[in-house]
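In: Pasted the sequence and its predicted model underneath.
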Amino acid sequence: MEQRAETLTAWIAGKYAGRHIPFSGEPYFVHCLAVAEAAAPYVNWGYEAGLCHDLLEDHIATVEELRMALSEAGYRLPETELIIAMVIELSDVFTAEHFPDFNDKKLRRLENKRLVTISSQSQTIKYADLIDNAAWVRQYEPYKWPRYARRKLRLLTALDKGSQELRRQAVEVFSCDLNF
């Protein structure tokens, strides 16, 4: 891994210090790293955007803090702006915080419609995120798996602009153990 990616990785690890994944107790950073590593072979700057994909929606950092961290790590302005654009695309817009009058089903439907419009690069990173989330749901909330998997398969049907190889892997993960 090149030095600037190492610097960014250390910054992200520090930002997520003390945060853990529910039930597993693993550091949340493990999820960020898994998404980054899965996306890296398929997307330019996929490692960086995958690593940062939850920063904004989790209120871990602002766009300006991310821009500063990328710059200090050695990323040039065009690279920084591309990484930030992908992170913004991957950040939930339709949330209960911003739309308190909408129920969860409506928020999910609107968010899924929005995800269809994001770039192919961001859709590819989303596939990596979904794959990692699937493993967690199957292990820690298996009673939710069938419904969750069907919802994500519907989403993957619509998210068709990203890497077809990673998308195929995601579809395979979510098709596992489902009886249609």
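Out: Yep, that arrived. Numbers count the residues shown, from 1 in each chain.
In: C-alpha from now on. contacts and neighbour counts both.
Out: Noted.
In: residue ranges with poor pLDDT in the chain?
Out: Along the chain, the model assigns pLDDT under 70 to residues 177-180.
In: which residues of it fall in helices?
Out: Under the criterion DSSP state H, the chain contains helices at 3-15, 29-39, 46-52, 63-73, 77-90, 104-115, 120-140, 145-158, 164-175.
In: List the buried residues in the fourth one.
Out: Within helix 63-73, the residues that qualify as buried are 66, 67, 69, 70, 71, 73, counting by 16 or more other Cα atoms under 10 Å.
In: Go through the residues you listed and name the one nearest residue 133.
Out: Within the buried residues of helix 63-73, the smallest distance to residue 133 is 23.6 Å, found for residue 66 (Cα to Cα).
In: rewinding a little: so which of the helices of the chain gets nearest residue 96?
Out: So among the helices of the chain, helix 104-115 is nearest, using Cα to Cα, at 7.4 Å.
In: And the residue nearest the centre of the protein?
Out: By Cα atoms, centre = their mean, the chain has its centre lying nearest to residue 129, at 4.2 Å.
In: The closest residue to that one other than its chain neighbours: neighbour count?
Out: Of all residues not flanking residue 129 in the chain, residue 35 sits nearest, at 5.4 Å (Cα to Cα, 6 or more residues apart in numbering). Applying other Cα atoms under 10 Å, we find 28 residues neighbouring residue 35.
In: Same check on residue 10?
Out: 11.
In: ok, now how distant is it from residue 1?
Out: To residue 1, residue 10 is 12 Å away according to Cα to Cα, to the nearest Å.
In: what does residue 161 give?
Out: Residue 161 sits 28 Å away from residue 1, going by Cα to Cα.
In: more neighbours, these two?
Out: Comparing residue 161 with residue 1 by other Cα under 10 Å, the one with more neighbours is residue 161, at 16 against 5.
In: residues in contact with that one?
Out: Residues in contact with residue 161 (Cα atoms under 8 Å, 6 or more residues apart in numbering) are 119, 120, 123, 124.
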